[in-house]
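[1] Pasting the sequence and the predicted model now:
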4 protein chains.
Amino acid sequence: MHFASDNTSPVPPQILDALVRVNHGYAMPYGNDALMAEVRDTIRHVFEAPGAAVYLVATGTAANVLALSCLCPPWATIFCHRNAHIEEDECGAPEFYTGGAKLTLIDGENARMTPGGLDAAIAFTGRGGVHNVQRGAVSITNATEKGDVYSADDVAALCAVARAYDLPVHMDGARFANALVSSGATPAEMTWKAGVDVLSFGGTKNGLMGVEAVIIFDPEKAWEFELRRKRGGHLFSKHRYLSAQMAAYLEDDLWLKLAARANDAAARLSRGIESLPGARLLNPTRANMVFAAWPRSGHRHATEAGAAYYFWPMDQTLDGPADDPLSARLVCSWSTTDAEVDGFLDLLRG
Amino acid sequence: MHFASDNTSPVPPQILDALVRVNHGYAMPYGNDALMAEVRDTIRHVFEAPGAAVYLVATGTAANVLALSCLCPPWATIFCHRNAHIEEDECGAPEFYTGGAKLTLIDGENARMTPGGLDAAIAFTGRGGVHNVQRGAVSITNATEKGDVYSADDVAALCAVARAYDLPVHMDGARFANALVSSGATPAEMTWKAGVDVLSFGGTKNGLMGVEAVIIFDPEKAWEFELRRKRGGHLFSKHRYLSAQMAAYLEDDLWLKLAARANDAAARLSRGIESLPGARLLNPTRANMVFAAWPRSGHRHATEAGAAYYFWPMDQTLDGPADDPLSARLVCSWSTTDAEVDGFLDLLRG
Amino acid sequence: MHFASDNTSPVPPQILDALVRVNHGYAMPYGNDALMAEVRDTIRHVFEAPGAAVYLVATGTAANVLALSCLCPPWATIFCHRNAHIEEDECGAPEFYTGGAKLTLIDGENARMTPGGLDAAIAFTGRGGVHNVQRGAVSITNATEKGDVYSADDVAALCAVARAYDLPVHMDGARFANALVSSGATPAEMTWKAGVDVLSFGGTKNGLMGVEAVIIFDPEKAWEFELRRKRGGHLFSKHRYLSAQMAAYLEDDLWLKLAARANDAAARLSRGIESLPGARLLNPTRANMVFAAWPRSGHRHATEAGAAYYFWPMDQTLDGPADDPLSARLVCSWSTTDAEVDGFLDLLRG
Amino acid sequence: MHFASDNTSPVPPQILDALVRVNHGYAMPYGNDALMAEVRDTIRHVFEAPGAAVYLVATGTAANVLALSCLCPPWATIFCHRNAHIEEDECGAPEFYTGGAKLTLIDGENARMTPGGLDAAIAFTGRGGVHNVQRGAVSITNATEKGDVYSADDVAALCAVARAYDLPVHMDGARFANALVSSGATPAEMTWKAGVDVLSFGGTKNGLMGVEAVIIFDPEKAWEFELRRKRGGHLFSKHRYLSAQMAAYLEDDLWLKLAARANDAAARLSRGIESLPGARLLNPTRANMVFAAWPRSGHRHATEAGAAYYFWPMDQTLDGPADDPLSARLVCSWSTTDAEVDGFLDLLRG
C-alpha cells in the first residue's frame, strides 16, 4: 500500500520489453537513432502537429526548465501558481537555466490559476519600465499539483490572457496523460489549439523509467532547445533507450491506458474515503491524486500497517485526539491495484 | 563493423537482467532506494575510500560539470588539455554550470598534459591579481581523448603540480575502466592516492544505458553536489533504474571485464593495421581507441562495405591517390568481436 | 518644487570641491589611491569596526547585489520585504549576480518586515530538503521604501531570527544616513552590533554623484567581493574620484548633516500636509519621505504649477471629484529648502 | 614621470567645469536628463549614424561586456586576440555577462588579429554541430593592447570575415580616439562603414573620470541593452554627471585633441628611445603606448628617480648586466608633457 508518489512505482512490462527489443547492434547516438524518428512522427500525429519539434530528456525538471529557458529571457519573470513544481520542487532550476529569471507566484484554489489572477499579476509586473523585471512567460501545470485538472477551455482562457500580453505559454504536463483522460480533451485541444507553445509531456510519473518529451509546437526555438539540452548535460549518447521507452509508451495508447488506471484507482480511493465517518475530501479528485482528511485513528492504523503516504501539509503529526481529522495526500499510479486501494480503506476503517 | 564510437553499442545482458530484477514493487525515489546504498558501499570498497560520497547521474557531461562546478568558482579557470571533452564536446556546459568560469587549454601529445605544461599555464594565470580570472581547478581525462593512458604515477605528477598551487583535481573518467585495465593500477592508486579529488566514473561508454557515478573523495562538497545535481535537473525520481545498472556493472568486476574486452579488441585492430602495407599508427594504442593512417584504397573498401568510423580530423575526404594515406579514429567497445575486427582488417587489405 | 526622488538633486559644494582638490598629478588606479586608504580608516572609525573591509562602487544596485552575491549561494533564497529595492527596482540584478538565487517576499506595514513574518518565511523555506531552494540570506532596508525607520533594536530583532537559522544579514542602506539621524542610533549599533554582516552604505541619494560604500564587517568575504566587483565591471580605474567624494562626505559628519536636512524638510512637509483639510499621512514620516493623501484639488494646483512628485500607487489619475483624496509619495533631499516646502504647501492649499 | 597607464592621469579642466555647470537644480535621473539628449545627438552626428542607440556607463569593462552580451548567446564563443582586454583584464566579466559564453583566442603580432587567423578560428569552431560551442561574435580592440592601430581597411577586412559567417562585430575602443587620430579615418569609416555593429567608445583612458559610451549602430538591440545595463547595476540615477562629462568631451573635438596630445607624447618618447645606444622599439609606436627595450642601466636610473612604468612582461627584474636590455611598456596620456618625456629620456641616458 504505497500512495507516497507516482514516482515510486515500477514500469509496466511493455517498457522493459521495448528495452530488450532495442538492445542489439549499433545505433546512432544523440537522438539520431531510428526509433527517435518514429517517436517524433507518432507524437506529431497524436498531437495533430506535423511541424512540431520533439525532444526527449530524462527528468521532468529538465523538460520544464529547458523549455522555459527558451521562452523567458534572464531579465523577465515566469508567471505560475504558487504550488507549481517549478517553484516548489526544482531547487531553483528555472532560475539556473534561464540565467536568473524570476518566478511570479499566483494564488488560487487547488493549485489552479484563474485568468483574473494571472491577468492581475502580469499587469502589475509591467509597471516600471527598465527598473523591473519584464514579463516573460506563463507556465500552467496540468494536472495541477493538487490533483485538479484544467479543461481545454480553462487552458484556452489562461492562454488568452498570456496572448493579450504577447507572452508565450508553457505547460508542465508531468501528469498530462492524467489530465487528458480526466478531461476528455484531445492532445491538440489541450495544448496548441488552446494556445500552449511548449509542452513538457510527462512519461516518468506515468510508467517510464525516466523519459519525458518536450514538444515545441512552433519549431523556431528548436535549435536553441537542442543547444540548451546539450549544454545542460541532458543529451543522451545512447539515446535509443529513451526512444524505445517513449515508443512503447505511445504504442496502442499505452500512455492513456496507464493514466486511466491511475485515475480510476484514485477515484475508487476517493469514493471510499468519502464514505468513512469523519472523513472528507479537501478538493475534488479529478486525476490520480486524492487530498483528504480523516480521523487520526484511521491514520494510526494505516501507518502502523506500513502504508506509505504524506500528511499534507507535511509538518502535521499523528498526535491528537483519535477522531481529530488530519489531512493527507494520496497518489495513485498505473500500478495501483484495486486490492491495494481496498486494503488501505479497510485499514482506515480500523 | 562499427568503430564510430563506444556510445553506439548496446548494453550487455547483465544490465538488462538487473533492470528486470529491480522492476517490482515500490522503491524510494531520488537515490533513497536500497540498491543505491549497495552501490555506494561497493564503490567505497572498490576505491578503498570509506568516506567517499557517491552519486549517480545519467550523462558524462552531467558528471563532469556538476563535479567541476563544486571545485571551481565562477571567477576562476579550469586547466585542461585542448582536446578535453569538457572543451570540445560539451557545448559550454562547464561554463554554464560553473556560472561562467573559463577553461585554460594546455597542449600536449596524444591529448596528454605534461606536468611542465600544466605548471606553466597555472603560473601564467596568476599574474594579475584581481584583473584576471583566478586559478580554479585541474581536470585530467583518463583515458585521454586520443586513446592514451596516464599511469598512476603520471596522474600523481599532475596532481603534485595542482597541489603546489592549492588547486583541486577532477578526473574525467568516461573511459576510466579502460585506463585502469591498461595501466594495471588499482582504482585507489589512480585516483585519491594520486591526488584526485573527484572522479567522473564512466559507465555509459563501457556498457551501461546512461549511468555515470561521481565519486567525491573528500565529502565536504557532498551537499553542494546534491543541490547542484537537483538544480541541474539531474536527480532521478525513479533512481532505482540507475542504481540497478551500476550495481550490475560493479558485480563480479563486470566493469573491468567489459573494458578489457574493448581494450583487447583495439589491440587486435591495432596490430592488424600495423601489418598493412602503407599503414601506421599515429600514436600507441593503450586503451580502446586506435588512431591510424592507411592508404585511401583501404578506406574506400571499408566505407563501401558499410564500415562506420570517423576520419580524424573529420574534414578529410576520400579524394586522392589510392596509396595516399588518410588518418582515422577507430573505437572499440565491450561488444566489438574478433570477427568484426578481422572482417574490417580484411576490408582494409582489399 | 521637486519631490520626485532624492536622486534628482545636485551635489553639495563640498563634493565638487573635493573633486577639484584631487584632480592633479598621477594617482594609483583601482582603489589603490591614497584617499581610499583614508576613506577606509574613517569608515572603520565611524563604525567602530577596525577590521571591516570597505569598498566603493558607483550605484546602489551594484552595492546591494555584489554584497548579496557574497552571502547567498545560487541555490538559495534571499528573504526581504515585498517592496524592497532589490525586488522592485533592480530588474533582477540580485538574481543575475547570485547566479540564480530567488527572493522570498515578506509582507508588512510600511515596507517593514516583522520578526514573526521573517521567521515564518524562513521556516517554510526549509521544508523540502534538496528539492527546494535553500535558506540563503536576509536583506533589511533601512530606511524602508515607505520611509519608515527600523530602530537598532528592531534590526537586532530581525537579525536574531536570521541567526537562529544561521543566515547572514545584509542591510540596504541607500538611505542609511536618514535612518540613523531619525533613530539616534550610532552606526555600530545600527549595523554589526545588531547583527548586520554587510552594509550598503548609501551616498548617492544623500548628496554624492554616484558613490556607495560596501562595508563588510567580517572581512572573510573581502577577496571574493573584490573579484565579484571586478567581474561585474564595477571596479573603477580612476578610483580617486570616488574616494574623494566619499572622503568629503564623511568629513565633519557632512553625511549626517545632509540627511538631517532632508529629514527636517520631510518633517516640515509632513506637518504642513497634516494641517490641510481633507489630508492625512498614510504612515508616520520618520525619514525623508512623506506618504500622504489629500484632495485632488490640491494635486491639480500643484501639478499645474509644475511640482514634481509621484502618485502612489503610480497608476492613479487626477480624474475624480475635487475633494476626493489621492495618495502620493513626496521625497525630500539635502537640497530641499524650507521655501520649496512652504511653496508646495501653499499650492496644495490652493 | 608617470608612464604606468593612461588611467592614472587626472581629467582636463573642461571636464571639471562641466560638472560645475551641471550641478544645480533638479535633473531627471537614469539617462532622461537634458544633457544626455544632447550627447546622443552629438554622437550620432559625429558618427554619421542618425539611428544609432547611445548609452553611457562608467567603466570600460561594463561597456565591453554589456555590448558583447547583446551580441553573443551563452552557448557561443567570442573571437578575440589573446591579449584582448576582455581576455586578460576583466576577470571573466564577459563570461559572467553572457551567461557563460567562451572566448576563442587568436594569436597575432602586436595584439592584432589577421583576417586569416580570424577565419581559421571561426571555421574550426563550426566543426561539431550541437556538441561544440557555437560561433558567437567577433571583438576587435582598436588601438590594440600593444599600441598598434588597425586602419579602417584593416577593420573592414576583419569584419568581412565575420560577415561571411554571419557574426556580429564589437569594437573595444577604450583607446578609440588614439586609433582614430593615428589612422586619420573618420569615426564612421572606422566603425559602421567598416562593418562594426557596436562600439565601446572610450572616455576614461582619454581624460574622463569614468565615462564610456556604448554606440549600437543597429538599434534593434537597444532595449535589451537597457535591461542588461540596469540588471548589471550600471544605470546611474544621477546620470547628469556622466552626461556632462561626455558632452564636454565631445565639444570642440576635445576628445580628439586629448588623444592627439597623448599620441604625440608617445611619438616623442619613441623617437628618443630609438636614439639611445642599445635601445630598440619592440613594435611601431602608432598610438599612445611605447613598447621598447633598453639597457638595464637606463632602467636603474629611471626607477631610482621614481619613474613609474611596467616591465613587459611584468615578471622581469632589474637584475643582470648593465648593458643587457630589458623590455618595458610606457603609456602616455593627454596630460603627459614634453618636459616629462624629455626628463625621462635624460634619465635613460644616465
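    Nice, thanks for sending it over. Numbers count the residues shown, from 1 in each chain, chains lettered A, B, ... in the order given.

[2] how far is stretch A:69-79 from where the chain is centred?
    The chain centroid and the centroid of stretch A:69-79 are separated by 20 Å, computed with Cα atoms, centre = their mean, to the nearest Å.

[3] Endpoints of that stretch, how far apart?
    13 Å (Cα to Cα, to the nearest Å).

[4] Quick one: mean pLDDT over that stretch.
    Across stretch A:69-79, pLDDT averages out at 98.

[5] close to chain B, is it?
    No: for stretch A:69-79, no contact with chain B is found by Cβ under 8 Å from any Cβ of the partner chain; the gap never falls below 10.5 Å. Bear in mind the C-beta positions are built from the backbone N, C-alpha and C, glycine included.

[6] same thing with stretch A:343-350?
    No: counting by Cβ under 8 Å from any Cβ, chain B has no neighbours in stretch A:343-350; the shortest distance is 13.2 Å.

[7] same question, stretch A:168-176
    No: Stretch A:168-176 stays clear of chain B (Cβ under 8 Å from any Cβ), getting no nearer than 9.8 Å.

[8] buried sites along that stretch?
    A:168, A:169, A:170, A:171, A:172, A:173, A:174, A:175, A:176 (16 or more other Cβ atoms under 10 Å in any protein chain shown).

[9] from those residues, which ones fall inside strands?
    If you go by DSSP state E, those have A:169, A:170, A:171, A:172, A:173 in strands.

[10] Is it possible to get the residues you listed out as CSV so that each row also shows distance to chain D?
    Output for those, formatted as CSV (distance: Cβ to the nearest Cβ, whole Å):
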residue, distance to chain D
A:169, 22
A:170, 19
A:171, 25
A:172, 23
A:173, 25
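
[11] Chain B: which of these is nearest?
    residue A:172 (13.0 Å; Cβ to the nearest Cβ).

[12] What's the local residue count around the residue lying closest to the closest one once chain neighbours are set aside?
    Spatial nearest neighbour of residue A:172, chain neighbours left out: residue A:141 (4.3 Å); criterion: Cβ to Cβ, 6 or more residues apart in numbering or on different chains. Using other Cβ atoms under 10 Å in any protein chain shown, residue A:141 is surrounded by 29 other residues.

[13] What would stretch A:320-327 look like as CSV? C-alpha coordinates only.
    In CSV, the C-alpha atoms belonging to stretch A:320-327 read as follows (Å, rounded to 0.1, in the frame of the first residue of the first chain):
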residue,chain,number,x,y,z
GLY,A,320,-4.0,14.4,18.9
PRO,A,321,-7.5,13.0,19.7
ALA,A,322,-8.4,9.9,17.8
ASP,A,323,-11.3,11.4,16.0
ASP,A,324,-9.5,14.6,15.2
PRO,A,325,-9.0,14.7,11.4
LEU,A,326,-5.6,15.0,9.8
SER,A,327,-5.2,15.8,6.1
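
[14] Are we agreed that residue A:200 is in a strand?
    Yes: counting by DSSP: H, G, I helix; E, B strand; the rest coil, residue A:200 is part of a strand.

[15] Please report how far it lies from chain D.
    Separation of residue A:200 from chain D (Cβ to the nearest Cβ, to the nearest Å) stands at 20 Å.

[16] Next: residue A:334.
    Residue A:334 is 34 Å from chain D, by Cβ to the nearest Cβ.

[17] show me the contacts for that residue.
    Each residue near residue A:334 by Cβ atoms under 8 Å, 6 or more residues apart in numbering or on different chains is listed here: A:9, A:12, A:206, A:207, A:258, A:259, A:261, A:262.

[18] again, 7 Å this time
    Contacts for residue A:334 (Cβ atoms under 7 Å, 6 or more residues apart in numbering or on different chains) come out as A:9, A:12, A:206, A:207, A:258, A:261, A:262.

[19] So chain A: which segments form each domain?
    Structural domains assigned to chain A are A:13-254, A:257-349, following automatic domain parsing.

[20] Residue D:54 is nearest to which of these?
    Checking those against residue D:54 by Cβ to Cβ gives domain A:13-254 as the closest, at 15.6 Å.

[21] neighbouring contacts of the longest helix along chain A?
    Secondary structure of chain A per DSSP state H: the longest helix is helix A:254-274. Helix A:254-274 has contacts (Cβ under 7 Å, 6+ apart) with A:6, A:12, A:14, A:177-178, A:180-182, A:206-207, A:248-249, A:279, A:281, A:285, A:287-290, A:292, A:294, A:330, A:332-334, A:336, A:338, A:341, A:345.

[22] What are the buried residues along that helix?
    In helix A:254-274, counting by 16+ other Cβ under 10 Å, buried: A:254-270, A:272-273.

[23] circling back: now, of the contacts of helix A:254-274, which are buried?
    Buried residues within those, counting neighbours by 16+ other Cβ under 10 Å: A:6, A:12, A:14, A:177-178, A:180-182, A:206-207, A:248-249, A:279, A:281, A:285, A:287-290, A:292, A:294, A:330, A:332-334, A:336, A:341, A:345.

[24] Among the residues you listed, name the ones in helices.
    A:14, A:177, A:178, A:180, A:181, A:182, A:248, A:249, A:341, A:345.

[25] From residue A:211, how far off is the residue nearest to the fourth one when sequence neighbours are not counted?
    With Cβ to Cβ, 6+ apart as the criterion, residue A:180 has its nearest non-adjacent residue at 5.9 Å, and that residue is residue A:190. Using Cβ to Cβ, to the nearest Å, residue A:190 is found at 20 Å from residue A:211.

[26] Also residue A:321?
    Distance, residue A:321 to residue A:211, using Cβ to Cβ: 46 Å.

[27] So these two - more neighbours on which side?
    Shown here are residue A:321 and residue A:211; by other Cβ under 10 Å, residue A:211 has more neighbours (28 against 9).

[28] Now name the helix or strand holding residue A:326.
    strand A:325-331 (DSSP states H and E).

[29] Helices along chain A, start to end?
    Shown for chain A, the helices assigned by DSSP H span residues A:13-22, A:34-46, A:60-71, A:85-88, A:93-98, A:115-125, A:152-164, A:176-183, A:187-190, A:222-231, A:240-250, A:254-274, A:296-304, A:338-349.

[30] Would you indicate which residues of the second one are buried?
    Spelled out, that is helix A:34-46. Those would be A:35, A:36, A:38, A:39, A:40, A:42, A:43, A:44, A:46, for helix A:34-46 by 16+ other Cβ under 10 Å.

[31] From the contact counts, what lies against it?
    If you count contacts as 3 or more Cβ pairs under 7 Å, 6 or more residues apart in numbering or on different chains; DSSP states H and E, helix A:34-46 packs onto strand A:53-57, helix A:240-250.

[32] Now do the last one: everything it contacts.
    Contacts with helix A:240-250, where a contact means Cβ under 7 Å, 6+ apart, come from A:14-15, A:18-19, A:21-22, A:27, A:33, A:35-36, A:38-39, A:42-43, A:46, A:56, A:58, A:203, A:207-209, A:211, A:213, A:236, A:254-255, B:209-210.

[33] Please tell me how far that helix is from the chain's geometric centre.
    Counting by Cα atoms, centre = their mean, helix A:240-250 comes out at 18 Å from the chain centroid.

[34] repeat for the shortest one
    Chain-centre distance of strand A:53-57: 16 Å, with Cα atoms, centre = their mean.

[35] near chain B, which residues of chain A?
    A:2, A:5, A:7-11, A:16, A:19-20, A:23-29, A:58-59, A:61-62, A:65, A:91-93, A:96, A:204, A:209-210, A:227, A:230-234, A:236-238, A:241 (Cβ under 7 Å from any Cβ of the partner chain).

[36] contacting residues for residue A:2?
    Residue A:2 neighbours (Cβ under 7 Å, 6+ apart): A:8, A:308, B:26.

[37] if you set the cut-off to 10 Å instead, what comes out?
    Residues in contact with residue A:2 (Cβ atoms under 10 Å, 6 or more residues apart in numbering or on different chains) are A:8-9, A:306-309, A:330-333, A:335-336, A:340, A:344, B:25-28.
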